[in-house]
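Visitor: Sequence first, then the predicted structure, then my questions.
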Amino acid sequence: MTSTPTTDRSALIIGASRGLGLALAAEYLARGWRVTGTVRGFGRTGLHDLADSSDGRLRVESVDITVPEEVAVLHDRLAGTVFDLLFVNAGVTNGPEETVADVSTDTFTHLMVTNALSPMRVVEALRDLVAPRGTIGVMSSGQGSVADNERGGFEVYRASKSALNQLMRSFAARRADDPRTLLLIAPGWVRTGLGGPAAPLTVDQSIPRVVDTIEAQSGKGGLQYLDHQGRTVRW
């Protein structure tokens with residue numbers, strides 16, 4: 001039995017209890033990275049099971065990114081740690097046929113806070129933990145593309161991911177001299193709890209390519225909006 005080759009590189013993955021986030025943590029571990037992954041709350045998750053078999057290379061932290069005070073406490077717990085990658089994975093959706101004509105204000109607010117505001121607050125709060133030539137990535141979606149929206153559907157989800165993209169562009173513009181690489185990643189339509197059973201991609205088809213794409217941009221700087229195959233997504 002061969003052992004996993006190890007590296008001194010480390011990743012902080014926000015939102016890694018299940019789905020794409022858990023798969024990201026597993027993929028980076030398989031590539032020899034050290035990983036810190038977060039869950040919401042204190043219950044047992046798949047990330048804890050993964051940590052049990054990680055030979056100490058996976059650390060589990062708890063944070064609800066919609067609560068700024070919890071993000072600040074997480075920063076304090078991780079102070080002094082330098083990560084090569086900060087990746088924020090967060091997403092909720094609503095019904096595909098629900099439009100702005102009938103969505104409740106509470107649902108609209110929940111999607112915007114969870115999918116756009118909170119991920120960017122995490123980026124702002126934790127960016128100083130990322131190495132000067134490191135990478136900051138956020139899980140976006142191809143449905144966040146305004147230019148590619150020719151069929152409609154998932155209106156509020158689309159709007160929340162478009163808002164996320166715009167906020168990331170503003171972040172990049174404010175920090176034009178920052179050498180870190182900034183990425184918005186569209187993982188494809190994947191069979192997860194969020195993507196549903198009709199999605200054409202499995203997690204195993206998407207996530208290794210996502211990691212390949214992130215790795216290919218390492219050290220390049222600037223902001224890019226890319227899909228899981230490394231192709232540019234239209235804004």
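Guide: Structure received.
Visitor: Provide the backbone phi and psi angles at the nearest residue to residue 138 once chain neighbours are set aside.
Guide: The spatial neighbour of residue 138 that comes closest, neighbours along the chain excluded (Cβ to Cβ, 6 or more residues apart in numbering), is residue 88 at 4.7 Å. Glycine gets a C-beta too; all of them are placed from N, C-alpha and C. Backbone geometry at residue 88, expressed as degrees, to the nearest 10, gives phi -100, psi 120.
Visitor: Now do the same contact list for residue 88.
Guide: Under the criterion of Cβ atoms under 8 Å, 6 or more residues apart in numbering, the contact list for residue 88 reads 14-15, 65, 119, 122-123, 137-139.
Visitor: Please apply the same query to residue 99.
Guide: Taking Cβ under 8 Å, 6+ apart as the definition, contacts of residue 99 comprise residue 155.
Visitor: What distance do you get for it to residue 188?
Guide: 24 Å (Cβ to Cβ, to the nearest Å).
Visitor: Same question for residue 89.
Guide: 14 Å.
Visitor: Who has more neighbours out of these two?
Guide: Comparing residue 89 with residue 188 by neighbour count (other Cβ atoms under 10 Å), the higher total belongs to residue 89, at 25 against 19.
Visitor: Confirm for me that that one is in contact with residue 21.
Guide: Yes - the pair residue 89 / residue 21 is scored as a contact, 3.9 Å apart, by Cβ atoms under 8 Å.
Visitor: residues shared between the contacts of those two?
Guide: Counting by Cβ under 8 Å, 6+ apart, the common neighbours of residue 89 and residue 21 are 13-15, 139.
Visitor: Strands - which of these land there?
Guide: Judged by DSSP state E, the shared contacts of residue 89 and residue 21 include 13-14, 139 as members of strands.
Visitor: The residue nearest to residue 138 pairs with what?
Guide: Residue 88 has the following beta-bridge partners by DSSP bridges: residue 14, residue 138.
Visitor: could you dump the shared contacts of residue 89 and residue 21 to CSV with pLDDT and neighbour count?
Guide: What follows is the shared contacts of residue 89 and residue 21, written out as CSV (pLDDT from 0 to 100; neighbours: other Cβ atoms under 10 Å):
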residue, pLDDT, neighbour count
13, 98, 27
14, 98, 27
15, 96, 28
139, 96, 25
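Visitor: now the residues you listed in TSV, with distance to residue 211?
Guide: Formatted as TSV, the shared contacts of residue 89 and residue 21 follow (distance: Cβ to Cβ, whole Å):
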residue	distance to residue 211
13	11
14	16
15	16
139	12
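Visitor: could you pull out the helices for the chain?
Guide: With DSSP state H as the criterion, the chain has helices at 19-30, 46-52, 68-78, 105-112, 118-126, 155-174, 203-216.
Visitor: List phi and psi for the residue lying closest to residue 7 once chain neighbours are set aside.
Guide: Distance criterion Cβ to Cβ, 6+ apart; nearest residue to residue 7, sequence neighbours excluded, is residue 32 at 4.4 Å. For residue 32, the backbone dihedrals are phi 90, psi 0 (criterion: degrees, to the nearest 10).
Visitor: Tell me how far residue 32 lies from residue 66.
Guide: Distance from residue 32 to residue 66, counting by Cβ to Cβ: 32 Å.
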